[in-house]
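J.: dropping a prediction and its sequence here:
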Amino acid sequence: MRVAVIGAGIVGASAAYHLSRRADTEVILIDKEQDGKATLAGAGIICPWVSHVGNPDWYRLAKEGAKFYPELVRHLEEDGESQTSYKQVGALCVSDRPEELDRIEEAVRAKQPDAPELGEVLRLDAKETRRRFPPLNEELESVYVSGAARIDGRLLRKAMVRAAKKNGARIIEGEASLISDGDKMTGVSVGDEVINADQVIVTAGAWVPELLEPIGVQVNVQPQRGQILHIDVQGEDTSDWPVVLPQSSHYMLAFDDSRVVAGATRETGSGFDYRQTVGGVHEVTGEALRIAPGLSQGTLKEVRIGFRPMGEDSLPLLGKLDEVGQVTVATGLGPSGLMMGPYVGYLAACLATGEEAGMDLSAYHPLRGAAVNG
Ligand SMILES: Cc1cc2nc3c(=O)[nH]c(=O)nc-3n(C[C@H](O)[C@H](O)[C@H](O)COP(=O)(O)OP(=O)(O)OC[C@H]3O[C@@H](n4cnc5c(N)ncnc54)[C@H](O)[C@@H]3O)c2cc1C
């Protein structure tokens, strides 16, 4: 079977990698060079158990997505890829209001029996909280969840693409389009080349609607701009610093190279407007310094900008579009795509090949509330 995957963000890279591990599958992964790829800007927090998203179908996928990581890392290591960046550093849910922390602690502990991978749950006083993440405001106490992890989306994406290539996948740089005979998808074109594929997986993030339009499918996915800061805290050993989750959409995490990442704006309605704005940088800096005033002497190294693929609700769009041929769609992962992306890519590969996915995916069908052929 020949499968073409369009879009090599975290979802497409995972789909291609998992397909490349099958002896009977020929894989072609196509990616267009452009600004605003979400995976290259994403923070990389893997911690579904403390999320505010109330939808149980979201939690089901996010929880499995987090659980999927250790196995993925093991497979990549078997394929010679050790630079995955995945590390379980734990997360500090911080607040200066003990009753808020009581509520968080109770909610996480209630999830523990069904999700033992979330690890240990500890209540930490302000001193211990700050010992673990020194720039923090000294008023903040925390609930610590040891199973939380972080990844660098750039490194993990590269590792999966490289491993897919080693396993025989063909990687093409260029803009792909779907070819239609009016009713059904009949192939994929990239530049002058026409690729005949038995199955096509569309993992083009926020650009999925424009790809599906020529085959008469409308899906509701919008780009949501996120601006995120990379701060150099020279001289600090940040390699084990945990993820910091205040009770807002802002957060912090650290990487091995004395780097703290503070995120992020959520600019719904931004369109594909790839710009670093004064308001965006002000918002993220202000929130970061309120939580961690110790970062004020850090060096602002970089502002990354990405377009999160946002669906109408919190759920991804994942499913097969039998109405228009052999097309599987996987997008709409919004702010949770690094957490669930590798698992969703794997599920998309299962859908395309007809392999049992081991999960009921009907809640995520891409055409819930949308239209085919007009
Ligand atoms: C600032 C920020 C912080 C974030 N933090 C987190 C976090 O901490 N945890 C978390 O879980 N998630 C986070 N996310 C969300 C996460 O990054 C995204 O949900 C995820 O990366 C989406 O992956 P994707 O593969 O669907 O899309 P993308 O990464 O955007 O990839 C889509 C790819 O398709 C390609 N493409 C598009 N059109 C075509 C075409 N016609 N032909 C060929 N290729 C095409 C694009 O060039 C791109 O490479 C964050 C996002 C942002 C912006």
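T.: Thanks, I have the structure now.

J.: for the ligand, what's its nearest residue on the stretch 1-150 of the chain.
T.: Gly9 (2.1 Å; Cβ to the nearest ligand atom). Glycine gets a C-beta too; all of them are placed from N, C-alpha and C.

J.: residue of the stretch 201-350 of the chain closest to the ligand, please.
T.: For the stretch 201-350 of the chain, Cβ to the nearest ligand atom, closest residue to the ligand: Gly337, 1.9 Å.

J.: confirm that Val284 sits in a helix.
T.: Yes. Assessed with DSSP: H, G, I helix; E, B strand; the rest coil, Val284 lies in a helix.

J.: is stretch 73-91 positioned near the ligand?
T.: No. Judged by Cβ under 6 Å from any ligand atom, stretch 73-91 stays clear of the ligand, getting no closer than 11.0 Å.

J.: please shift the residue numbers so they start at 39 in all later answers.
T.: Will do, 39 is the new start, and the previous item becomes stretch 111-129.

J.: distance from that stretch to the middle of the chain?
T.: 16 Å (Cα atoms, centre = their mean, to the nearest Å).

J.: which positions in that stretch come out as buried?
T.: Buried positions in stretch 111-129, judged by neighbour count with 16 or more other Cβ atoms under 10 Å: 111, 114, 117, 119, 122-129.

J.: of all those, which two lie farthest apart?
T.: Asp117 and Ala129 (28.8 Å; Cβ to Cβ).

J.: what about the buried residues of stretch 111-129, which are in helices?
T.: Mapping these onto helices (DSSP state H) picks out 111, 114.

J.: which residues in the stretch 289-412 of the chain form strands?
T.: Ranges of strands in the stretch 289-412 of the chain, per DSSP state E, counting those that start in this stretch, are 289-293, 297-301, 337-348, 355-359, 365-369, 409-410.

J.: and the shortest one, average pLDDT?
T.: Yep, that's strand 409-410 we're talking about. For strand 409-410, the mean pLDDT works out to 43.

J.: all the strands of the stretch 89-238 of the chain, residue numbers only.
T.: Counting by DSSP E, counting those that start in this stretch, the strands of the stretch 89-238 of the chain are 129-133, 159-162, 179-183, 187-188, 208-211, 214-218, 223-228, 231-233, 237-240.

J.: so what touches the last one?
T.: For strand 237-240, the external contacting residues (Cβ atoms under 8 Å, 6 or more residues apart in numbering) are 39-45, 50, 53, 216, 223, 226, 246, 249-250, 363-369, 386-387, 390-391.

J.: those residues, buried ones only, as a PyMOL selection?
T.: Of these, the buried ones can be selected in PyMOL as follows, counting by 16+ other Cβ under 10 Å:
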select buried, resi 41+42+43+44+45+50+53+216+223+226+246+249+250+363+364+365+366+367+368+369+386+387+390+391
